[in-house]
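1. need the 3D shape of this:
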Amino acid sequence: MSDVSERIAELSERARRDREAFEPPSDPPDEAAALEYLTDGAGAVVGLYVDARTGETVRFDEAEFALLERALNDWLELYAACYGVDIDASFTVREAAELLVDTHSIRDTAMLLTQVPERDTAEAWSGGR
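-> Residues are numbered from 1 along each chain as shown. The predicted structure follows:
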């Protein structure tokens, strides 16, 4: 098993565990938890994809690609759930990677993909920044 394959398996397993252990916030939003799912989860998936595609050309097999996308979507669903929003995420890793390259922010990438939080709400929580 290559390093990339091992990393994919690790990310997939972590996403599964995070999903099973998830407890919705009693008073959404839980921005700290949402950001953790993005940086430690979705961001790691997209980062692995970008590194693999821009470094040595790595070809993901069908199973690896499916695991990457499931992990990404699991973490994006958990991110949204931290805001009290239930989504059925079905984004591609490539789509997320392209947005990350454009925005340089996994948080902005998640907001653009999921539309969570809504723009007015996000601006209010961030103090209009």
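2. centroid-nearest residue for this protein?
-> The centroid of the chain falls nearest to Ala42 when counting by CA atoms, centre = their mean (2.4 Å).
3. name the nearest residue to that one, sequence neighbours excluded.
-> Trp75 (4.2 Å; CB to CB, 6 or more residues apart in numbering). Any C-beta I mention is one placed from the backbone N, CA and C, and that applies to glycine too.
4. who does whatever helix or strand that neighbour lives in touch, helix- and strand-wise?
-> Trp75 belongs to helix 62-81 when elements are defined using DSSP states H and E. Contacts defined by 3 or more CB pairs under 8 Å, 6 or more residues apart in numbering; DSSP states H and E place helix 62-81 against helix 3-21, helix 43-54, helix 93-103, helix 106-114.
5. name the residues of stretch 59-75 that come out as buried.
-> Judged by neighbour count (16 or more other CB atoms under 10 Å), stretch 59-75 contains these buried residues: Phe60, Glu64, Phe65, Leu67, Leu68, Glu69, Arg70, Ala71, Leu72, Asn73, Asp74, Trp75.
6. can I get those in CSV with distance to Ile8 and pLDDT?
-> Putting those into CSV (distance: CB to CB, whole Å; pLDDT from 0 to 100) gives the following:
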residue, distance to Ile8, pLDDT
Phe60, 8, 88
Glu64, 5, 95
Phe65, 9, 94
Leu67, 5, 97
Leu68, 6, 97
Glu69, 11, 98
Arg70, 10, 98
Ala71, 8, 98
Leu72, 11, 98
Asn73, 14, 98
Asp74, 13, 98
Trp75, 14, 98
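7. which one of these is nearest Tyr49?
-> Nearest to Tyr49 among those: Leu68, at 6.4 Å, using CB to CB.
8. OK, contacts around that closest one?
-> Ile8, Leu11, Ser12, Val45, Leu48, Tyr49, Phe60, Val93 (CB atoms under 8 Å, 6 or more residues apart in numbering).
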